[in-house]
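J.: Okay, sequence plus prediction incoming.
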Amino acid sequence: MGNIVEKNAVVELAKDLYNVNAIKFGKFTLKSRRESPYYIDLRVLSSHPRILERVGSLMGRIIESLPEEKKPTRLCGIPAAGLAVANAISFSTGIPVCYTRKEPIVYKDLIARLRKFLEEEKSKLLEKDVNQDYINSFCEGYEKAINTIEELGGLKTHGIMRYVDGEIQDGDRIAIVDDLITTAESKLEAINLIKLEAKRRNISVNMVGVYVLIDREQGGKETLEKEGIKLYSLLTVREAAKYLFELGILDSQKYNTIVNYTLEERKHLGLE
């Protein structure tokens with residue numbers, strides 16, 4: 001972040017993250033089955049309040065350096081790690097916090113899958129010339145299940161539809177806060193939930209950025225830029241590796257492995 005946050009403070013933070021195993025280096029198999037030379041788990045920061053407090057202070061400095069029209073009047077944390085970071089920033093700056101609910105998106109996805117399955121099975125039954133009463137009974141059972149899920153998710157128009165917990169007000173400038181960013185999918189999902197909640201409450205809000213502790217440099221920043229959203233981060237993966245290398249914590253082989261891995265990932269994604 002240039003001169004906004006002193007390099008020494010960020011270097012010290014990188015060291016602390018390494019010391020509490022929030023950043024690990026070695027060989028790790030990701031959910032995608034791809035192998036990575038590092039692993040980031042910032043959820044452990046809740047067990048280290050002094051480090052989390054410093055994260056909030058440093059990210060708060062970024063916000064305080066911005067022109068007034070770009071400063072958020074409200075932070076929206078993405079549970080769970082992002083909410084902890086948002087609260088830490090809030091304690092440092094006094095900016096109030098709200099947070100997104102995951103349930104509506106989960107329920108919507110489940111409902112979409114069930115409706116698709118129902119249509120496919122209904123077509124199969126019709127092709128087999130199955131008794132119409134059986135088909136009606138079959139469809140009725142699935143429709144009841146779908147209706148129950150809609151009610152549980154607050155998706156019925158007569159139910160309580162809440163996509164965000166906490167206060168948001170008309171005219172708020174809202175920033176999304178999370179622990180790290182990879183593809184930006186969860187950030188765009190959170191932005192969508194904020195917009196849905198604003199519409200539900202019949203108010204107008206503006207999205208003024210996404211704030212994360214670490215940018216994995218795998219396309220998230222570029223994806224947000226295409227949507228007109230700016231990303232603010234304290235560290236990139238390569239910066240963290242560089243600082244730890246300069247401190248003598250990482251040897252040259254591990255450092256080069258991380259840099260090369262990141263470059264290859266970016267090339268694979270068409271970012272380099």
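T.: Now that the structure is in, tell me what you want to look at.
J.: From here on, just use CA atoms for contacts and neighbour counts.
T.: Will do.
J.: which ones are touching residue 71?
T.: Counting by C-alpha atoms under 8 Å, 6 or more residues apart in numbering, residue 71 makes contact with 63, 64, 173, 208.
J.: Now the phi/psi pair for the second one, please.
T.: It refers to residue 64. phi -70, psi -20 (degrees, to the nearest 10).
J.: picking that back up, want to throw the contacts of residue 71 into TSV with pLDDT and neighbour count?
T.: Shown next, in TSV, are these (pLDDT from 0 to 100; neighbours: other C-alpha atoms under 10 Å):
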residue	pLDDT	neighbour count
63	96	19
64	95	14
173	98	20
208	97	22
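J.: how about the helices in the stretch 51-200 of the chain?
T.: 81-93, 103-127, 132-152, 185-200 (DSSP state H, counting those that start in this stretch).
J.: Let me have those helices in CSV, extended by mean pLDDT.
T.: Shown next, in CSV, are those (pLDDT from 0 to 100):
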stretch, mean pLDDT
helix 81-93, 96
helix 103-127, 78
helix 132-152, 79
helix 185-200, 91
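J.: In JSON lines, list those along with mean neighbour count and distance to residue 57.
T.: Shown next, in JSON lines, are the helices of the stretch 51-200 of the chain (neighbours: other C-alpha atoms under 10 Å; distance: least, C-alpha to C-alpha, whole Å):
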{"stretch": "helix 81-93", "mean neighbour count": "23", "distance to residue 57": "5"}
{"stretch": "helix 103-127", "mean neighbour count": "14", "distance to residue 57": "31"}
{"stretch": "helix 132-152", "mean neighbour count": "14", "distance to residue 57": "38"}
{"stretch": "helix 185-200", "mean neighbour count": "18", "distance to residue 57": "22"}
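J.: Ok, which of those helices comes nearest residue 243?
T.: Taking C-alpha to C-alpha, helix 81-93 is the member of those nearest to residue 243, at 22.0 Å.
J.: circling back to that earlier point, what's the closest of the contacts of residue 71 to residue 162?
T.: Looking across these and measuring by C-alpha to C-alpha, the closest to residue 162 is residue 173, at 19.3 Å.
J.: give the contact list for the closest one.
T.: 70, 71, 72, 73, 74, 205, 206, 207, 208.
J.: distance of the closest residue to residue 206 other than its chain neighbours from residue 122?
T.: Of all residues beyond its chain neighbours, the one nearest residue 206 is residue 173 (4.8 Å), with distances taken as C-alpha to C-alpha, 6 or more residues apart in numbering. According to C-alpha to C-alpha, to the nearest Å, residue 173 and residue 122 sit 47 Å apart.
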